[in-house]
Structures are given as C-alpha cells and as structure tokens.
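Asker: Build me a model:
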Amino acid sequence: MFWRINELCLCRMRFRLCARQANFTSRAQANGSKRLITREIHPSFPTTCKVSGFLYESDSTYEQGEDMLDVVLPNGILVSGGWYPDGDPSGKYAIMVYRGYERLIPIIKTNNVDSAAQEMQQCVETFMARNLQTVSDSDSTYSPLANI
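Answerer: I've put the predicted structure just below:
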C-alpha cells in the first residue's frame, strides 16, 4: 500500500510540473514577455525527501502559479506549496499536506514567500517525525493534528 501511495504522489507531482511549465509558457506568450520571477526560494529539506520545484515571488502576481514546490516524504506524505488561485492578484501562498488524496491538515495561507517556505519546512519536519504508514485509511478515529 505504501509504495502505491508514494507512486500516486510522484505521478501527481510530475503532472503538476508539466502543467505549470505549460502555464508559464502560455502566459509569457500572451504577454509577449518573459517570466518575471524576482526571487527564488529553495528551502532545505532532508535528503530522504523528493523535492520538485521552488517557491518564488514575482513582480506580477499574474505570474504566480499553483504547485510551485512539492516535497514527497519517505512515508508517502506530499507537502505542496504554491500561489492560489493561480495568477490571481488577491491570492496567497498556500501550503497543503496530503496522504494520497486525503488532506491531512487545513490549508495554511500566507502573503509572504519567506513565511510560506518556513511553514513548508515545519510541515516536513512534523510529518517526518511521525510514522503515518501504520495508520489505516479506514481508521475514522485518526486525527493528524492530535500530536502536533
């Protein structure tokens, strides 16, 4: 079961990367300009995690995209961060934590890219320390926030 969840997370992460690259290209072509990324943030994560992408802030919120950074933990948990809604000036950075297709905590939202990076690091540390493999999907008494 564990390898299946991890495989689903990795497939989902690859799809997001392809969609994000296509979205950047189409927006840049529509504007007739290049991407306006002003600052990239590459938070550090344990080497056992699979990291894809990076967080960034842009001069134009229209260039802000969903699913900027995805981190898959060894226990199959996916920590995902990006700008939601995609390209919306009134949007915010959002951090989500999933096991398969189940969201484990409420969405964390912030206006600051540095805060988003810190929140992602904290989520990774929290969920790395907990062995969620042993929790069955049918366990209705399980609360992911109980020990946080």
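Asker: Would you mind measuring from the nearest residue to residue 128 once chain neighbours are set aside to residue 85?
Answerer: Distances taken as C-beta to C-beta, 6 or more residues apart in numbering place residue 73 nearest to residue 128, at 5.7 Å, with adjacent residues excluded. Every residue, glycine included, has its C-beta placed from N, CA and C. Using C-beta to C-beta, to the nearest Å, residue 73 is found at 26 Å from residue 85.
Asker: Output the lowest mean pLDDT helix or strand found in the chain.
Answerer: helix 2-31 (a mean of 46; mean pLDDT, DSSP states H and E).
Asker: before we move on, back to that, looking at residue 73 and residue 85, which is more packed in?
Answerer: residue 73 (23 against 12; other C-beta atoms under 10 Å).
Asker: right, and the more buried one touches residue 49 too?
Answerer: Yes: the pair residue 73 and residue 49 passes the contact test of C-beta atoms under 8 Å, sitting 5.6 Å apart.
Asker: what residues are shared contacts of those two?
Answerer: 124, 128 (C-beta atoms under 8 Å, 6 or more residues apart in numbering).
Asker: what bits of this protein have low per-residue confidence?
Answerer: 1-37, 131-148 (pLDDT under 70).
Asker: hmm, 80 instead?
Answerer: By pLDDT under 80, the low-scoring segments of the chain are 1-38, 59-63, 130-148.
Asker: And the strands in it, which stretches?
Answerer: Using DSSP state E, the strands found in the chain span residues 37-41, 50-53, 55-58, 69-72, 77-84, 92-99, 102-103, 108-110.
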